[in-house]
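Asks: Give me a model of this one.
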Amino acid sequence: MTENARQPTNRPAADSELVPRGYALGAAFFPQISLSKGGYNFASAISEYLEARTVTLDLNSWVFAQPLGAAAGGALQLTITPGTIQFEVSFPTHRIDWIANRCQMVLQVFTEIFKPKLVLSSLVKVLGTMQIDGDAREFLVKHVTSFDPARFSMLKRPIHAFGIRVFCPPYQHQVVKKGRKPSKEIVPWSVDVKAESLIDDPTKLYLEADAQWSNPGSWGEPKILEMVSHLQLVADYLGKDVMEFLQKPSAGGAP
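Replies: Residues are numbered from 1 along each chain as shown. Here you go, the predicted structure:
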């Protein structure tokens, strides 16, 4: 390395964006349904939106999986149990609105066939990575947490990965609108956030947001649209709010 060689900043690269690594969208419903028959008919009914190459059917779960894109491991998978339905997307190559549309269409078919009455709870998970100009461990240890790296010597082992986890519960806050009395607004979802150096590549930051809604409601078109909209909500929260939190300089004066 020459004397004038550029030193890495150990911060997110200037042009880096959150690269999606996976999504999940799911719900628990009532009443429970029987999976004793009709699996292949259901696969046929949703084939316009999820072209299952692999179908696994038993009394406790139905699994329908479609490869996505050329990336190894890229897939859209739907799992149905007697009381839950969940979509999982790994290594997506499609835009999030394309994925949300597919989920919405399948949920509508599911509604027509099984006629669930209530949504008991729902979830959304968003996974992604971001390129760091240097080392994601340096970014998290020195910039985000202002942690003294010398303390790692007490572990008497090399450190391959480092991360933080933050859990935020549902909450209530006061909203003030011009010309109106203050009102209370409930944010009904919790979110479990992880920010870690990627095990396979420490130059990348791994980010995960696992959001849960535990507010029961009637199952129907408005609820389906609401649940599907949570995909973009959580993706924005991870890519904007969480990244703003991570990049803000620490009060302790970390560089």
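
Asks: Only C-alpha atoms from now on, for both contacts and neighbour counts.
Replies: Noted.

Asks: Strands along the stretch 51-200 of the chain, start to end?
Replies: All strands of the stretch 51-200 of the chain, identified by DSSP state E, counting those that start in this stretch, fall at 54-57, 62-67, 75-81, 84-90, 118-131, 163-168, 171-175, 183-187, 189-197.

Asks: Hmm, P188 and P170 touching each other?
Replies: Yes: applying C-alpha atoms under 8 Å as the test, P170 and P188 come out as touching, 5.0 Å apart.

Asks: can you list the strands of the stretch 51-200 of the chain in CSV and add mean pLDDT and mean neighbour count?
Replies: Output for those, formatted as CSV (pLDDT from 0 to 100; neighbours: other C-alpha atoms under 10 Å):
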stretch, mean pLDDT, mean neighbour count
strand 54-57, 96, 14
strand 62-67, 96, 20
strand 75-81, 97, 21
strand 84-90, 98, 21
strand 118-131, 97, 22
strand 163-168, 96, 13
strand 171-175, 84, 11
strand 183-187, 85, 11
strand 189-197, 97, 20
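
Asks: State which helix of this protein is the longest.
Replies: Longest among the helix segments of the chain by residue count, using DSSP state H, is helix 96-114.

Asks: mind exporting that one as PDB, just the C-alpha atoms?
Replies: C-alpha atoms of helix 96-114 as PDB (Å, rounded to 0.1, in the frame of the first residue of the first chain):
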ATOM      1  CA  ILE A  96     -41.300  -5.000  -3.800                       C
ATOM      2  CA  ASP A  97     -44.500  -3.800  -5.400                       C
ATOM      3  CA  TRP A  98     -44.500  -6.800  -7.700                       C
ATOM      4  CA  ILE A  99     -44.100  -9.100  -4.700                       C
ATOM      5  CA  ALA A 100     -46.900  -7.200  -2.800                       C
ATOM      6  CA  ASN A 101     -49.200  -7.600  -5.800                       C
ATOM      7  CA  ARG A 102     -48.600 -11.400  -5.900                       C
ATOM      8  CA  CYS A 103     -49.300 -11.700  -2.200                       C
ATOM      9  CA  GLN A 104     -52.500  -9.700  -2.500                       C
ATOM     10  CA  MET A 105     -53.800 -11.700  -5.400                       C
ATOM     11  CA  VAL A 106     -53.100 -15.000  -3.600                       C
ATOM     12  CA  LEU A 107     -54.700 -13.800  -0.400                       C
ATOM     13  CA  GLN A 108     -57.900 -12.900  -2.400                       C
ATOM     14  CA  VAL A 109     -58.000 -16.400  -3.900                       C
ATOM     15  CA  PHE A 110     -57.400 -17.900  -0.400                       C
ATOM     16  CA  THR A 111     -60.300 -15.700   0.900                       C
ATOM     17  CA  GLU A 112     -62.700 -16.900  -1.800                       C
ATOM     18  CA  ILE A 113     -61.900 -20.600  -1.200                       C
ATOM     19  CA  PHE A 114     -61.500 -20.800   2.600                       C
END
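
Asks: buried stuff in that helix?
Replies: Of all the residues in helix 96-114, those buried under the rule 16 or more other C-alpha atoms under 10 Å are 99-100, 102-108, 110-111.

Asks: From the contact counts, what lies against it?
Replies: For helix 96-114, the elements it packs on are helix 221-236, judged by 3 or more C-alpha pairs under 8 Å, 6 or more residues apart in numbering; DSSP states H and E.

Asks: care to break this structure down by domain?
Replies: Following automatic domain parsing, one finds the domains of the chain at 9-22+125-249, 32-115.

Asks: need the contact list for the closest residue to E208 other than its chain neighbours.
Replies: In space, and not counting its chain neighbours, E208 is closest to L127: 4.5 Å by C-alpha to C-alpha, 6 or more residues apart in numbering. Residues near L127 by C-alpha atoms under 8 Å, 6 or more residues apart in numbering: 20-23, 206-209.
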